[in-house]
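Q: here is my input, please return the structure:
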Amino acid sequence: MKKPEGFKGFTVMSIGQIISMVGSSMTSFGLSIWIWQKTGNATPFSIITTAYFVPNLIFSPIAGALVDRWPRKRSLILPDVAAGIVTIAMLFLLAINRLELWFIYIAVFIEGIFNAFQWPAYSVTISVMLKKEDYGRANGLFQMTEYAPLVLAPLVAGFLIGVIGLKGIMAIDIITFVLAVIAVLWVTIPENIAASTKPQVSLFKDSIFGFKYILQRKPLLLLLTVFLLTNFFGGFINTLFAPMILSKVQNSSVLFGIIQTFFGVGGILGGLLMTIWGGTKKKIKSLLFGILLSGVGMTMVGFTRNVIILCLAALILTISSVIANSSNQAIWQSKVKPELQGRVFAARRVIAQLVGVIPMIASGPIVDHLLGPFVDYKIVLNALFGIEKAGAMSMIAAISGILTVIMILIFYSVPMLMHVEDYEFVEAPAPSEVAKE
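A: Numbers count the residues shown, from 1 in each chain. So this is what the prediction gives:
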C-alpha cells in the first residue's frame, strides 16, 4: 500500500498527534486534581508551568538548528519518545507510592527540553509537504491537535480516574505515544536536503541565525511583538487555569471536566473553520481579530462563576486563539524559505514567549501571598470576583483580558503591521549555506 503524502499524509500525522494528545491531556487532568488535592495551593502549578516553559525556551534555538539539519522524521518523533519515557517513570513511582512534587517538576523540565523540537518540526513539515494555498488550512488542522483532545480527555479522565485511577490513565497515555510515532513513520515526508550533508558551521552560529534574520526585518519583528505581549497577558490565565476553574466549581472534577471539554470543542470548531476557510485574504486581519476575541474570552472567565458562561467563554477563547495562531503561522510560512524555517521559527518562538516567564513564575506567589489576602478584605472585589485565592485568580484573568483588548485596538492603527504581508524580504543565506559555497 502506498504511503500517504501531501495533505492526506499530514492529516494522518495530525490524527496520530490528536490521539497522543488525548493521552497526555488525560494524564495532565489527573495530575492537576492530584496536586490540587495534595497541596491546595496555586504555587505548584506556577512551578510546573515554569519548569516546562523555561527549558523549552532555552533549547528552542538549538532545536531549530537541529530540525534544519536532521531528517525530518527524527525531529517529529523525538518529543513523543521522550514524553513516553517520562510518563513511564512517573507511573512506576506512582505505583510504588513514591511519586512526589519534586519528581513531577523534574519530569516536566525534561519534557520541556524535547518538546522544543515539536513546533518547529511540524511547522517546517507543513511547508515542505503542502502548497502555499494550503498553509492556512493545514495550520487550522494542526491547531486541532492541541484543542481536540480537550473534548474527550477531561470527560473520559474524569470518569476513568474513579475506575482505573491515575495509574490506569498514565498507562493509556503511554500507548497513545506509540501510536503517534507509528503515524509519523508511515507517511511520506520530503527529506531535508541539509540533513544529507555535514554542516560546515558550528551549531551555535546556526542557532543564533534565526534571531539575526528576524531582527533585520522590522515588519516581522513588529508582528512578533504582538504575540510577545499577548503571551505575557495570557500567561497568567494559562498558568492559573486549573486551580482557578476548580475553585469556581467547588473542586468538582466533573464540572472541571465539562468546562475543559468546551475549550476542546472551541478548538475543534476553530480548527474546522480554519481548515475550510483558511482565514481572511490578508491574514493580519483575522490574526488581530482572533486575539481581540481571545481578550474578550479571558475577561469573561475572570468575571463569572457561572458554569454556563464559563463554557461560553471557553468557546470564544479557543475559537479565536485558533484563528489568530493559524493566520500568524500562515504569514510566517509564506515569508520564510522552508530551509530556514527551523532556525527562524525557533528564534521567533523564543522572542514571542520570552516575557511569558514572568507570569508563569509570579502568578502563583502573587495569588497565594499578595492578592489572595488583599481581595479577602475588599467587599467590592469579593462581589465581582469571589473571595481569597479564588477571587485573586479571577481578578488577574479579567485584567489580563481587558489589557489584551486595549493592546489590539492600538495595533490596528500601526501601518507597518497592517501591511506586513505586502513587504518583500531579501533572503540572506543561512550560515551553513554560506560555508558550502
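Q: what's the burial count for residue 115?
A: Here the count is done by other Cβ atoms under 10 Å, and residue 115 has 22 residues near it. In short, each C-beta sits where N, CA and C put it, glycine included.
Q: try residue 85
A: With neighbours defined by other Cβ under 10 Å, the count for residue 85 comes to 15.
Q: same deal with residue 107?
A: Using other Cβ under 10 Å, residue 107 is surrounded by 22 other residues.
Q: one more: residue 132?
A: A total of 10 residues lie near residue 132 under the criterion other Cβ under 10 Å.
Q: excluding sequence neighbours, find me the nearest residue to it.
A: Leaving aside its sequence neighbours, residue 132 sits nearest to residue 334 (Cβ to Cβ, 6 or more residues apart in numbering; 5.8 Å).
Q: for the stretch 1-150 of the chain, which spans come out with low pLDDT?
A: Within the stretch 1-150 of the chain, the stretches falling below the threshold (pLDDT under 70) are 1, 150.
Q: try it again at 50.
A: For the stretch 1-150 of the chain, not a single residue meets the criterion pLDDT under 50.
Q: what segments of it are helices?
A: Listed in chain order, the helices found in the stretch 1-150 of the chain under DSSP state H, counting those that start in this stretch are 6-39, 43-69, 72-95, 101-115, 118-129, 135-147, 149-160.
Q: quick one on the thing from earlier: would you confirm that the residue nearest to residue 132 contacts residue 134?
A: No - using Cβ atoms under 8 Å, residue 334 is not in contact with residue 134, being 11.4 Å away.
Q: compare neighbour counts for those two and give me the winner.
A: Just comparing residue 334 and residue 134: by other Cβ under 10 Å the higher neighbour count belongs to residue 134, 18 against 14.
Q: quick one: residues contacting the closest residue to the more buried one other than its chain neighbours.
A: Leaving out its chain neighbours, the residue that sits closest to residue 134 by Cβ to Cβ, 6+ apart is residue 7, at 6.0 Å. The contact partners of residue 7, taken as Cβ atoms under 8 Å, 6 or more residues apart in numbering, are 129-130, 134, 137-138.
Q: how about those residues, which pair is most distant?
A: Across the contacts of residue 7, the longest distance by Cβ to Cβ is 12.3 Å; it joins 129 and 137.
Q: coming back round to it: who are the contact partners of the residue nearest to residue 132?
A: When contacts are taken as Cβ under 8 Å, 6+ apart, residue 334 is in contact with 132, 135, 421.
Q: over to residue 371?
A: Under the criterion of Cβ under 8 Å, 6+ apart, the contact list for residue 371 reads 392, 395-396.
Q: which of the residues you listed fall in helices?
A: Under the assignment DSSP state H, the contacts of residue 371 contribute 392, 395-396 to helices.
Q: any chance of TSV for those residues, columns neighbour count?
A: Formatted as TSV, the entries for these read as follows, by neighbours: other Cβ atoms under 10 Å:
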residue	neighbour count
392	29
395	21
396	24
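Q: now, which of those residues sits nearest residue 291?
A: Distance from residue 291 was checked for each of the ones in helices among the contacts of residue 371 by Cβ to Cβ. The minimum falls on residue 396, at 18.4 Å.
Q: could you list every residue that touches the closest one?
A: By Cβ under 8 Å, 6+ apart, the contact list for residue 396 reads 236-237, 240, 302, 363, 366-367, 371.
Q: distance of residue 209 relative to residue 344?
A: 8 Å (Cβ to Cβ, to the nearest Å).
Q: equivalent analysis for residue 32, please.
A: Taking Cβ to Cβ as the measure, residue 32 and residue 344 are separated by 34 Å.
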